[in-house]
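Enquirer: Everything below, folded, please.
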Amino acid sequence: AVFIIDPEGKIRLIIYYPLSTGRNFDEIKRALLALQKADKDAVATPADWRPGDDVIVPTAGSCGVAKDRMDNQTKDQYCLDWFMCFRREKKAD
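Expert: Modelled structure (predicted):
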């Protein structure tokens, strides 16, 4: 098993592999970077997120905020629906 433990000692990720299966270090690194991004910017990362990919903005806390997000989308933030908004990130060089 692979465990990622944060600086406060909290287990943030567990990945189990059978003994006969090799570890995917690219996925372990991707997951670690995604956790760091989520913590740093208070966002969520979609499946297979890579640095520079769009991130998920936390769900609106009220109907007013949700409506405002839908009505005032920008080139940097867009919504697929009132509960699913993304922020465009700068692609890594």
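Enquirer: How far off centre is the longest helix along the chain?
Expert: Ranked by residue count under DSSP state H, the longest helix found in the chain is helix 25-41. Helix 25-41 has its average C-alpha position 8 Å from the chain's average C-alpha position, going by C-alpha atoms, centre = their mean, to the nearest Å.
Enquirer: For the helix or strand following that helix, name the packing helices and strands.
Expert: Heading C-terminal from helix 25-41, the first helix or strand you meet, by DSSP states H and E, is strand 55-57. With contacts taken as 3 or more C-beta pairs under 8 Å, 6 or more residues apart in numbering; DSSP states H and E, strand 55-57 sits against helix 25-41, strand 84-87. The C-beta positions use only the backbone N, C-alpha and C, and glycine is treated the same way.
Enquirer: List the buried residues for the very next helix or strand once past strand 55-57?
Expert: Under the assignment DSSP H and E, the closest C-terminal helix or strand after strand 55-57 is helix 63-71. Within helix 63-71, the residues that qualify as buried are 66, 69, counting by 16 or more other C-beta atoms under 10 Å.
Enquirer: Residues in contact with helix 63-71: which ones?
Expert: 57, 60, 77, 79, 82, 83, 85 (C-beta atoms under 8 Å, 6 or more residues apart in numbering).
Enquirer: So, low pLDDT: which residues of the chain?
Expert: Applying pLDDT under 70 to the chain flags the ranges 92-93.
Enquirer: Please parse it into its domains.
Expert: The chain is divided into the following domains under the TED database: 1-41, 43-92.
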